[in-house]
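Student: Here you go, sequence then predicted model.
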Protein chains: 2
Amino acid sequence: MPRYKITFSYDGSNFHGYQVQPKLRTIQGELEKAVSYLNRQVETSVQSSGRTDGGVHALAQVAHFDLSIEIPEYKIKEGLNTLLPNDIHIIKVEKASDQFHARFSSKKKEYIYKINLGEYNPTMRNYEYQYGRELDILKMMEAIHFFEGTHDFTSFVSSEDMREDKIRTIYKSSIKRNKDILVISFQADGFMKYQVRNMVGILIEIGNGKKEVSDVERILNLRNRKTSIKIAPAEGLYLKKVWY
Amino acid sequence: MPRYKITFSYDGSNFHGYQVQPKLRTIQGELEKAVSYLNRQVETSVQSSGRTDGGVHALAQVAHFDLSIEIPEYKIKEGLNTLLPNDIHIIKVEKASDQFHARFSSKKKEYIYKINLGEYNPTMRNYEYQYGRELDILKMMEAIHFFEGTHDFTSFVSSEDMREDKIRTIYKSSIKRNKDILVISFQADGFMKYQVRNMVGILIEIGNGKKEVSDVERILNLRNRKTSIKIAPAEGLYLKKVWY
């Protein structure tokens, strides 16, 4: 069975997250409906690099699936984009080896988080966190570097995340400002549920003076989920890239 | 009765345009509901600088209304933002003279239109025209200047616009590119129904080779509504500023 790798983007606003759930509109649900139709109505599962929560967007998510027959890549792209709703878009389709697995073969991921420090913007309310006040960005820049390197991220992960191994490596992080928009970026070997939103949450609290720069290291060392971090809302978060 | 001038932004995606219509969700309808509530439940009309069509956004629209009692500006702003849905936002409230009229006192307006020449972007599908191909921008820049100055714009106006005087003055126009996003801007003493979307429509057709640069002047001179211009879709259009 030929295996295909797809790269796709989506607007998470009107989805109940990525993963299939009975009776709820999910990204995986819509993808599997379209791919199964293309695959001569054979029910086909679509494996992504990882789940995203409700309201979270993707600029270039990756998934794979197996078809019962070979179909040219450009025809799969055209076919899926015709079948899919307008809040999911297939950017690229590539033939992949049988060994390729969107989740297990991934080497690195990048997430970005957008915050609007300026006036509330109704057109961007689902695409940036409308924070609406200034933040001490120099302090946030100082603090973000304490996330870099290999750490046990238990304190920054949802208690719903059942994976035992909470150790991840953050290769790179940055904060950039363009006019009123702050973009925070993290590149890591992997991320756990709510991890980026909790890391951004503490950075915002450092930026508004409710927490100290030193709290990042202190809370990392606690390795305790019951810390008092205010999680940043979903709408500012984008899966930007997956490396293989 | 004290008069107030408000400056506000909105996401036009989920509105049936600006003007009140029975049983349909409109921007004026939502504003009048909120202002009337604030005005001790007295039905109060809200006059804007002009209508926008369904799907068209505003970065800084202006309107005025009269209250039966004086209320401090900051309280009106807070009150309205609490009462209004999250796709309308009051930016500023100012006390105005009895002579001020949001529509008749306006001197100049700016509209901008956003086109994405790059890959379809699902998160921006309601906020940019997802054109998805390259355009000959130099030709479009050449053509746009023929709109500047005082002209009879009959050929570029909807037949629904019943105003007799179709002469308007465009003071300034520009086309700017930032990565894949093209932003076309027009400043004029006023605009008529579908005028900007028709002007952008012909510019796109010049950019893709279906029309010539010289067609702008030729079609302007026809002064005929039944020209074959392909109107640009609503989602790329923003009312950016109103001058008084």
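Tutor: The structure has been received and is ready for your questions. Numbers count the residues shown, from 1 in each chain, chains lettered A, B, ... in the order given.

Student: Let me see the contact set for A:Tyr4.
Tutor: A:64-67, A:73, A:76, A:93-96 (CB atoms under 8 Å, 6 or more residues apart in numbering or on different chains). All C-beta atoms are positioned from the backbone trio N, CA, C, and that covers glycine.

Student: I meant to write A:Ser48 there.
Tutor: A:18, A:27-28, A:61-63, A:102-103.

Student: Which one (most neighbours) among these?
Tutor: Neighbour counts for the contacts of A:Ser48 (other CB atoms under 10 Å in any protein chain shown) peak at A:Ile27, which has 29 neighbours.

Student: State the helix or strand in which the nearest residue to that residue once chain neighbours are set aside lies.
Tutor: Closest residue in space to A:Ile27, ignoring its immediate chain neighbours: A:Tyr18 at 4.8 Å, by CB to CB, 6 or more residues apart in numbering or on different chains. Counting by DSSP states H and E, no helix or strand carries A:Tyr18.

Student: Distance check, A:Tyr18 against A:Gly12.
Tutor: Applying CB to CB, to the nearest Å, the value for A:Tyr18 to A:Gly12 is 8 Å.

Student: Just give me how far the strand ranked longest in chain A sits from the chain centre.
Tutor: The residue-count maximum for a strand in chain A (DSSP state E) belongs to strand A:167-178. Centroid separation between strand A:167-178 and its chain, computed with CA atoms, centre = their mean, to the nearest Å, is 14 Å.

Student: For whatever helix or strand comes next after that strand, give the mean pLDDT please.
Tutor: Scanning forward in sequence from strand A:167-178 by DSSP H and E, the next helix or strand is strand A:181-188. Average pLDDT, strand A:181-188: 98.

Student: For strand A:181-188, list every residue counted as buried.
Tutor: By neighbour count with 16 or more other CB atoms under 10 Å in any protein chain shown, strand A:181-188 contains the buried residues A:182-188.

Student: by how many degrees do the helix or strand following it and strand A:181-188 diverge?
Tutor: Next along the chain after strand A:181-188, taking DSSP H and E as the criterion, comes helix A:195-207. Relative orientation of helix A:195-207 versus strand A:181-188 (axes from the mean of the first three to the mean of the last three CA atoms, to 10 degrees): 130 degrees.

Student: Can I get helix A:195-207 in PDB? Just the C-alpha atoms.
Tutor: Provided in PDB are the C-alpha atoms of helix A:195-207 (Å, rounded to 0.1, in the frame of the first residue of the first chain):
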ATOM      1  CA  GLN A 195       3.200  23.000  27.400                       C
ATOM      2  CA  VAL A 196       3.600  26.000  25.100                       C
ATOM      3  CA  ARG A 197       0.600  27.800  26.500                       C
ATOM      4  CA  ASN A 198       1.900  27.300  30.000                       C
ATOM      5  CA  MET A 199       5.300  28.500  29.100                       C
ATOM      6  CA  VAL A 200       3.800  31.600  27.400                       C
ATOM      7  CA  GLY A 201       1.500  32.000  30.400                       C
ATOM      8  CA  ILE A 202       4.400  32.400  32.800                       C
ATOM      9  CA  LEU A 203       6.300  34.700  30.400                       C
ATOM     10  CA  ILE A 204       3.200  37.000  30.300                       C
ATOM     11  CA  GLU A 205       3.100  37.000  34.100                       C
ATOM     12  CA  ILE A 206       6.800  37.900  34.200                       C
ATOM     13  CA  GLY A 207       6.100  40.600  31.600                       C
END
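
Student: between the buried residues of strand A:181-188, which is nearest chain B?
Tutor: Proximity of the buried residues of strand A:181-188 to chain B (CB to the nearest CB) peaks at A:Val183, which lies at 14.3 Å.

Student: Quick one: neighbours of the closest residue to the closest one other than its chain neighbours, just the number.
Tutor: The spatial neighbour of A:Val183 that comes closest, neighbours along the chain excluded (CB to CB, 6+ apart), is A:Lys176 at 5.0 Å. Look at A:Lys176: counted by other CB under 10 Å, it has 12 neighbours.

Student: Check A:Pro72 too.
Tutor: Neighbours around A:Pro72, by other CB under 10 Å: 10.

Student: related to what we said a few turns ago, now the residue nearest to A:Ile27: how far from chain B?
Tutor: 14 Å (CB to the nearest CB, to the nearest Å).

Student: which residue ranges form the helices in chain A?
Tutor: Under the criterion DSSP state H, chain A contains helices at A:27-38, A:73-83, A:137-144, A:195-207, A:215-222.

Student: related to what we said a few turns ago, can you pull the residues that touch both of A:Tyr18 and A:Gly12?
Tutor: A:27, A:52-53.

Student: what about the residue nearest to A:Leu24 when sequence neighbours are not counted, how many residues close to it?
Tutor: Nearest non-adjacent residue to A:Leu24, counting by CB to CB, 6+ apart: A:His16, 4.0 Å away. For A:His16, the count of nearby residues is 17 (other CB under 10 Å).

Student: what's the answer for the one 10 residues further on, then?
Tutor: By other CB under 10 Å, 18 other residues sit near A:Thr26.

Student: Could you pull up the residues touching it?
Tutor: A:Thr26 touches A:15-20, counting by CB under 8 Å, 6+ apart.

Student: Rebuild those residues as JSON lines, extending it with pLDDT and distance to A:Leu203.
Tutor: Putting those into JSON lines (pLDDT from 0 to 100; distance: CB to CB, whole Å) gives the following:
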{"residue": "A:Phe15", "pLDDT": "94", "distance to A:Leu203": "26"}
{"residue": "A:His16", "pLDDT": "93", "distance to A:Leu203": "27"}
{"residue": "A:Gly17", "pLDDT": "88", "distance to A:Leu203": "24"}
{"residue": "A:Tyr18", "pLDDT": "88", "distance to A:Leu203": "25"}
{"residue": "A:Gln19", "pLDDT": "89", "distance to A:Leu203": "27"}
{"residue": "A:Val20", "pLDDT": "89", "distance to A:Leu203": "33"}
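
Student: Now tabulate those in CSV and tack on distance to A:Phe8.
Tutor: CSV is the format used below for the contacts of A:Thr26 (distance: CB to CB, whole Å):
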residue, distance to A:Phe8
A:Phe15, 13
A:His16, 18
A:Gly17, 15
A:Tyr18, 11
A:Gln19, 15
A:Val20, 16
